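S.K.: Quick one: sequence plus predicted model below, questions after.
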Amino acid sequence: MSVVDRMLRDLREVEQEVKSRPYWITLTDPGTPPALVLSIMREVMLEIWSYQKDINEAVFAAVGRLGTSIDEQGLIRAMIAVQIEEVGHGTLALGDYVALGGDEAFARQRRPSPAAQALLGTVWSVSTREHPLCHLGYMYFFEKFTTIMTDNIAPTLERAGYPKERLHFMKLHAEEDIRHADMLSNVIAECERRYPDAARHIQYGFDCFRCIYPHAVWTTAFQRATGGAA
């Protein structure tokens, strides 16, 4: 079994975990008031704004540690192709947060939530202290899992009147993440062909990320939206 196949299997397990959590049950319940659905998504956008730029930097740091020969240039170029397209997406999330009623000045001055800090700590440690290929595991998790959950949540957002014409982050990622996941799958397959230990490193990056995402981040957003812990 390829490492991509293993990660896909694991992501289906994460999908089932998500569906049993209070944040998801509330979000997808037809009886949940539309205003609460939009409030939860507003707080999710705030979390994304707080970590997206650092994730971009961590990926570039990891890729910068890889490669000692000229024949690796093409592979390295392919690795960063997805992340180049992610540059600026944190600002898109901020725009969606504001469109959903959030305060931009507050978002820009606040610290990341403890959950977001834990996510960033994991990503930076994996990217700078572990093997550079580990970053492909957490990036595959991010991109592929987004496509899986976007399909699940689309009917809920439609029912809640999610203002698609004013919200750019969700629209862009619904369109792009399928392509990004496919691009990463191709890069990972090439790494498995080139490097004997690639699968082990990539799976490790995935497993580390699974410990912190998505439950801690989404639970934090859910608690803020429902008046629980900040």
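M.R.: Received, thanks. Because the structure is a prediction, the values reported are computed rather than measured.
S.K.: Going by C-alpha atoms from here, please, whenever you check contacts or count neighbours.
M.R.: Fine.
S.K.: per-residue confidence at the most centrally placed residue in the chain?
M.R.: The chain has residue 142 as the residue nearest its centroid, 3.6 Å off, counting by Cα atoms, centre = their mean. Per-residue confidence (pLDDT) for residue 142: 86.
S.K.: from the chain's centre, how far out does the host helix or strand of it sit?
M.R.: Element membership for residue 142, per DSSP states H and E: helix 135-159. Chain-centre distance of helix 135-159: 8 Å, with Cα atoms, centre = their mean, to the nearest Å.
S.K.: Over to stretch 20-32?
M.R.: That offset, for stretch 20-32, works out to 20 Å (Cα atoms, centre = their mean).
S.K.: Likewise for stretch 13-27?
M.R.: With Cα atoms, centre = their mean, you get 16 Å for stretch 13-27.
S.K.: Tell me how far the residue nearest to the centre of the chain lies from residue 225.
M.R.: 23 Å (Cα to Cα, to the nearest Å).
S.K.: tell me which residues in the lengthiest helix in the chain are buried?
M.R.: The residue-count maximum for a helix in the chain (DSSP state H) belongs to helix 34-64. For helix 34-64, burial by neighbour count (16 or more other Cα atoms under 10 Å) applies to 34, 36-56, 58-63.
S.K.: C-terminal to it, what's the next element?
M.R.: According to DSSP H and E, the helix or strand after helix 34-64 is helix 73-86.
S.K.: in the chain, what spans have low per-residue confidence?
M.R.: Across the chain, the ranges flagged by pLDDT under 70 are 67-71, 85-89, 164-178, 228-230.
S.K.: cutoff 50 now
M.R.: 230 (pLDDT under 50).
S.K.: if we can go back for a sec, how much space between the residue nearest to the centre of the chain and residue 195?
M.R.: Distance, residue 142 to residue 195, using Cα to Cα: 23 Å.
S.K.: Check residue 50 too.
M.R.: Distance from residue 50 to residue 195, counting by Cα to Cα: 34 Å.
S.K.: Then residue 13?
M.R.: 28 Å.
S.K.: Could you do residue 42 as well?
M.R.: Note on residue 42: its distance to residue 195, by Cα to Cα, is 42 Å.
S.K.: go on, residue 212?
M.R.: Relative to residue 195, and taking Cα to Cα, residue 212 is found at 28 Å.
S.K.: now swap in residue 119 and tell me
M.R.: 27 Å.
S.K.: who's more crowded, these two?
M.R.: residue 119 (22 against 10; other Cα atoms under 10 Å).
S.K.: who are the neighbours in contact with that one?
M.R.: The contact partners of residue 119, by Cα atoms under 8 Å, 6 or more residues apart in numbering, come to 51, 209, 212, 213.
S.K.: mind redoing it with 7 Å?
M.R.: residue 212 (Cα atoms under 7 Å, 6 or more residues apart in numbering).
S.K.: And the strand or helix carrying it, how far out from the chain middle?
M.R.: Using DSSP H and E, residue 119 sits in helix 114-129. How far helix 114-129 lies from its chain's middle: 13 Å, per Cα atoms, centre = their mean.
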